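Novice: Quick one, structure for this:
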Amino acid sequence: MNYWNLYDEIIDGLPQDIYIDDYAVGRPWTYVRAGDLVGICMTIPAYSRPRLRKESFLGCSLREAGEYVRSWQGQEASIAAAAINAYYNQPSKVEAMQGFHGEDASAETLDERKKLEAFAMYTEQIRGKKVAVVGHFPNFQKKWESICDLSILEMQPEWGDYPAEAAEFLLPQQDFVFMTGATFANKTMPRLLELSRNAVTVLVGPSVPMHPCLFDYGADGLSGFTATDAALAADLVHFGYGTDIASCGKMADVLPLTD
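Specialist: Residues are numbered from 1 along each chain as shown. Next up, the predicted model:
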């Protein structure tokens, strides 16, 4: 299997007739709006390569914008990934994939919505297991490090983390792998999915494109996000650090459909 083909499948399904009306690159989030559709992606801090696109993304179709997810310039790839998520993570598509937990879709407060995050939903399943988490996520480590054999991999490791390069050794040994959706924009997702093919693998966070083809490439769960308040999403991106992007939408968890 060529894991890089996941980009072709996801880009090929984007529409040519929906156009970007607004976008913003902030820290830590990038945002794209196309009409009523809103997409979010973590901003990838990679600036060593020039941008491929020389003009603004305003007025660009989602299909054209999505092509730039292949860029190795981080901000450009983040805009492209947010454009992709504006289409695939829209509420109607996620609902069609049965991603809103039934009655739990109406969770009204941020605290209620956080109960639906992957790190809350999988807590019982990972007890006593070997678990790797690719990327840093808030609030889960203290809850999990005492109940499983936990390894955290990070491109900018903190004390106790493994460097990203350790994935080649660690991931094939795991029972569960949780990886940030930002791996889609930074292009590490294909190799990480390949390394994790013997584990239960869950893609996590607002950057996850909610596209069912990812199940064909080894994902066992998509724990993503759909933005429902475009104005608030724009404000949160412009405001920057200290903001919780979850307040502008709701969690979505999708599993493969079975016959």
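Novice: Every contact and neighbour count from this point should use C-alpha atoms.
Specialist: Noted.
Novice: neighbours around Pro172, how many?
Specialist: 17 (other Cα atoms under 10 Å).
Novice: and what of Ile40?
Specialist: 34.
Novice: And for Phe169?
Specialist: By other Cα under 10 Å, neighbour count at Phe169 equals 9.
Novice: which SS state does His125 fall under?
Specialist: Rather than His, residue 125 is Gln. At Gln125 the chain is in coil, as set by DSSP: H, G, I helix; E, B strand; the rest coil.
Novice: Also Pro190?
Specialist: Pro190 - assigned by three-state DSSP - is helix.
Novice: wait, it sits on Tyr7?
Specialist: No: shown here, Pro190 and Tyr7 do not form a contact pair, counting by Cα atoms under 8 Å, at 9.1 Å.
Novice: Sheet-wise, list the partners of the helix or strand hosting Thr30 with their directions.
Specialist: Assigned by DSSP states H and E, Thr30 belongs to strand 29-34. Strand 29-34 has the following sheet partners, assigned by DSSP bridges: strand 22-25 (antiparallel), strand 37-42 (antiparallel).
Novice: Kindly format the C-alpha coordinates of the shortest one as CSV.
Specialist: Right, strand 22-25. The C-alpha coordinates for strand 22-25 follow below in CSV (Å, rounded to 0.1, in the frame of the first residue of the first chain):
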residue,chain,number,x,y,z
ASP,A,22,-11.9,34.4,4.6
TYR,A,23,-8.9,32.8,6.2
ALA,A,24,-6.4,33.6,9.0
VAL,A,25,-3.1,32.0,10.1
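Novice: So what touches it?
Specialist: Here strand 22-25 makes contact (Cα atoms under 8 Å, 6 or more residues apart in numbering) with 30-34, 43, 57-58, 75, 79, 234, 237-238.
Novice: could you show me where the strands are in the stretch 151-259 of the chain, in order?
Specialist: Ranges of strands in the stretch 151-259 of the chain, per DSSP state E, counting those that start in this stretch, are 162-163, 176-180, 200-204, 221-227, 249-254.
Novice: Please dump those into CSV; it should also carry mean neighbour count, distance to Pro91 and mean pLDDT for every row.
Specialist: Compiled in CSV, those are given as follows (neighbours: other Cα atoms under 10 Å; distance: least, Cα to Cα, whole Å; pLDDT from 0 to 100):
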stretch, mean neighbour count, distance to Pro91, mean pLDDT
strand 162-163, 17, 36, 96
strand 176-180, 25, 21, 96
strand 200-204, 26, 17, 95
strand 221-227, 27, 6, 92
strand 249-254, 24, 9, 86
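Novice: chain center to the strand holding Thr30: distance?
Specialist: Its chain's C-alpha centre and that of strand 29-34 lie 13 Å apart, by Cα atoms, centre = their mean, to the nearest Å.
Novice: Out of the helices and strands in the chain, which is least certain?
Specialist: Within the chain, no helix or strand scores below helix 110-114, which has a mean of 52 by mean pLDDT, DSSP states H and E.
Novice: Only alpha carbons, please: show the following helix or strand past that one as PDB.
Specialist: With elements assigned by DSSP H and E, the helix or strand that comes after helix 110-114 is helix 118-121. Provided in PDB are the C-alpha atoms of helix 118-121 (Å, rounded to 0.1, in the frame of the first residue of the first chain):
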ATOM      1  CA  ALA A 118     -10.900  10.600  22.500                       C
ATOM      2  CA  PHE A 119      -8.800  10.700  25.700                       C
ATOM      3  CA  ALA A 120     -12.000  10.400  27.800                       C
ATOM      4  CA  MET A 121     -13.700   7.900  25.600                       C
END
